[in-house]
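Enquirer: Sequence first, predicted coordinates after that:
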Amino acid sequence: MSTDEKLRELLRAMVPPADVPGAQEAQARAALHAAYRDVVRARPGRRQRPSFAFATAVVAAVVVAAALLLPGSSPPIDASLAQIARSVRELEPEQMPAGSFVYVHAENTDLTSSQVDGQGAQLFYLLPTTEDLWVQGATEQRITTVGPPVFFDTADEAAYYAGNLDVQDEVGETRTERLGDIQNIPDLTEWSEQTSTLRRQIATELAEEAEPDLGDDIRVVLRVERLMHPRLNAAPDLRAALIEIVGSLDVETMQLADGWVLVRLEYEDAALGTVAEELEFDRAGYLRTRRSIALDPSPNWPVPPGTVIAQSTWSRAYVVDGAGVLPSSR
């Protein structure tokens, strides 16, 4: 039997008639799980990249087909996130008058490495920045201030300043950038505000990526992060649908102060090791924080376990009259 015929046969087995008995639905789900397990058994160690393109393609096609074809396939949603989503759907979309900008303030920390001239060793450290960002379509104005780095080793700190790397990093300086025609900005009008349709759109897009080396859930979370970046100022219904999709994944949640919710997902990264991705949503459904924590770093990343290697904390998005204009209340 050819590869195409095998795939068609599997998909046919997954598509039940209009009135589906419970036993038949269970049988279809079992076929899906069995197909997935057969592929997973063939994979090498968890920190190696799979090298078999066909197996990856079959899994992607089966997962997408399951989302599209199985009745009742919409998974349950975490209660805390479902509550936020319900509240967000009651909000009115914010108007964007002609000539207005979206303003966001951000506090960032990122793991950075530099090399002193004439020395082979890489120095690793955390570099904090603050940003004020004004966005209008593909145009933006950004004011960035670089803070003092944080080191894991006193010898690295001494070598950093002796090599004048603080000058290279512009530590203590503030710069203003004005950019136009920025590429690869997501067009939110292409994404559905209906959760089931949006879930299929994301699954289809991820299935088209060649040889993914991360798990399905973290790939969905990273896509949601991109679509919920405050600079895009997603409408309430889209924010709610994205939050419901995150709530349907295998994630942990925790209630925070003021009705915020923290979402946490641990995963394996071939380069980084064991990582935790955390998101914080406020009551209005805005993504306010995202952080990546190296729980068990790989040898490629000489940082202590538990190091936050990337974090961004944003204000909510505000509509202002022009670039450089601050909102009246923050």
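Expert: Nice, thanks for sending it over.
Enquirer: that's a strand at Glu92, yeah?
Expert: No. Checked against DSSP: H, G, I helix; E, B strand; the rest coil, Glu92 lies outside a strand; its state is coil.
Enquirer: pLDDT wise, what is the residue lying closest to it once chain neighbours are set aside at?
Expert: Nearest non-adjacent residue to Glu92, counting by C-beta to C-beta, 6 or more residues apart in numbering: Pro236, 7.4 Å away. In this view, the C-beta of every residue, glycine as well, is placed from N, C-alpha and C. At Pro236, the pLDDT value in this model is 97.
Enquirer: burial measure for Pro236, as a count.
Expert: If you count neighbours by other C-beta atoms under 10 Å, Pro236 ends up with 20.
Enquirer: repeat for Val104
Expert: 21.
Enquirer: Check the spacing between Trp134 and Asp181 real quick.
Expert: From Trp134 over to Asp181 the distance is 16 Å, taken as C-beta to C-beta, to the nearest Å.
Enquirer: oh sorry, the question was meant for Tyr125
Expert: Counting by C-beta to C-beta, the gap from Tyr125 to Asp181 is 33 Å.
Enquirer: Give me the more crowded residue out of these two.
Expert: Legend: neighbour count by other C-beta under 10 Å for Tyr125 and Asp181, higher for Tyr125 (21 against 7).
Enquirer: Show me what the more buried one bridges to in the sheet.
Expert: Judged by DSSP bridges, the bridge partners of Tyr125 are Thr112, Phe151.
Enquirer: who touches it in this structure?
Expert: Leu111, Thr112, Ser113, Ser114, Pro149, Val150, Phe151, Phe152, Asp156, Glu157, Tyr160 (C-beta atoms under 8 Å, 6 or more residues apart in numbering).
Enquirer: A strand includes Val263, no?
Expert: Yes. Applying three-state DSSP, one finds Val263 inside a strand.
Enquirer: There's contact between it and Leu81 in this structure, I believe.
Expert: Yes. Contact criterion C-beta atoms under 8 Å: Val263 and Leu81 qualify, at 7.2 Å.
Enquirer: intersection of neighbour lists for the two?
Expert: Val246, Gly247, Thr253, Phe281.
Enquirer: most neighbours, which of the residues you listed?
Expert: Result: Phe281 is most packed of these (other C-beta under 10 Å), 28 neighbours.
Enquirer: what pLDDT does that one get?
Expert: pLDDT, read off for Phe281, is 98.
Enquirer: Can you tell me how far it is from Glu268?
Expert: Counting by C-beta to C-beta, the gap from Phe281 to Glu268 is 25 Å.
Enquirer: next one: Ser292
Expert: On the measure of C-beta to C-beta, Ser292 and Glu268 end up 13 Å apart.
Enquirer: got it, and Glu177?
Expert: Distance, Glu177 to Glu268, using C-beta to C-beta: 36 Å.
Enquirer: Those two: which is more packed in?
Expert: Applying other C-beta under 10 Å to Glu177 and Glu268 shows that Glu268 carries more neighbours, namely 16 against 10.
Enquirer: Test my guess that the more buried one contacts Ala276.
Expert: No. Counting by C-beta under 8 Å, Glu268 stays clear of Ala276, with 11.1 Å between them.
Enquirer: tell me which element the residue nearest the centre of the chain falls in.
Expert: Note on the chain: the residue nearest the mean C-alpha position is Leu222, at 2.0 Å, using C-alpha atoms, centre = their mean. Taking DSSP states H and E as the criterion, Leu222 maps to helix 216-227.
Enquirer: Buried ones in the helix or strand just after that helix, by neighbour count?
Expert: Toward the C-terminus, helix 216-227 is succeeded by helix 236-247 as the next helix or strand (DSSP H and E). With burial defined by 16 or more other C-beta atoms under 10 Å, the residues of helix 236-247 counted as buried are Pro236, Asp237, Leu238, Arg239, Ala240, Ala241, Leu242, Ile243, Glu244, Ile245, Val246, Gly247.
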